[in-house]
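**Student:** just to be clear, the model below is a prediction. Sequence and coordinates:
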Amino acid sequence: MKTTNKNKLFVSCEEAKHICDKNQYGEASFLEIVRLNIRLVYCKVTRAYSKRNTKLTKTIDKANTHVISPSDKEVMKQQIKKKLSK
């Protein structure tokens, strides 16, 4: 992204959303976090996006979901096929 010297701390709404996503995963740099926080001060849309993003992340973390291993999944498929063929 090309910015002028006087706008290095101000980012577009789209760039702020991208930084927000990176920040959720701990991938945002210090300068990006500063830019995001400046945007959050004056942009209602970015604040709403950030709030929804945080809420979604917390909900997913609370769900404590587990992934079925490929081998267990295959066993389940075979069991279903066996029951359906009866």
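**Tutor:** All right, it came through fine. This is a predicted model, so every value here is computed, not measured.
**Student:** and the contacts of stretch 12-21?
**Tutor:** Residues outside stretch 12-21 that contact it (C-beta atoms under 8 Å, 6 or more residues apart in numbering) are 1, 11, 28, 32-33, 35-36, 39-40, 43, 45-46, 49-50, 53. Every residue, glycine included, has its C-beta placed from N, CA and C.
**Student:** what's the longest helix belonging to the chain packed up against?
**Tutor:** Determined from DSSP state H, the single longest helix within the chain is helix 44-63. With contacts taken as 3 or more C-beta pairs under 8 Å, 6 or more residues apart in numbering; DSSP states H and E, helix 44-63 sits against helix 13-24, helix 30-42.
**Student:** residue 79 is nearest to which of these?
**Tutor:** helix 13-24 (37.7 Å; C-beta to C-beta).
**Student:** tell me the buried residues in that closest one?
**Tutor:** 15-20, 23 (16 or more other C-beta atoms under 10 Å).
**Student:** so residue 27, which of the three states?
**Tutor:** coil (DSSP: H, G, I helix; E, B strand; the rest coil).
**Student:** all set now, cheers.
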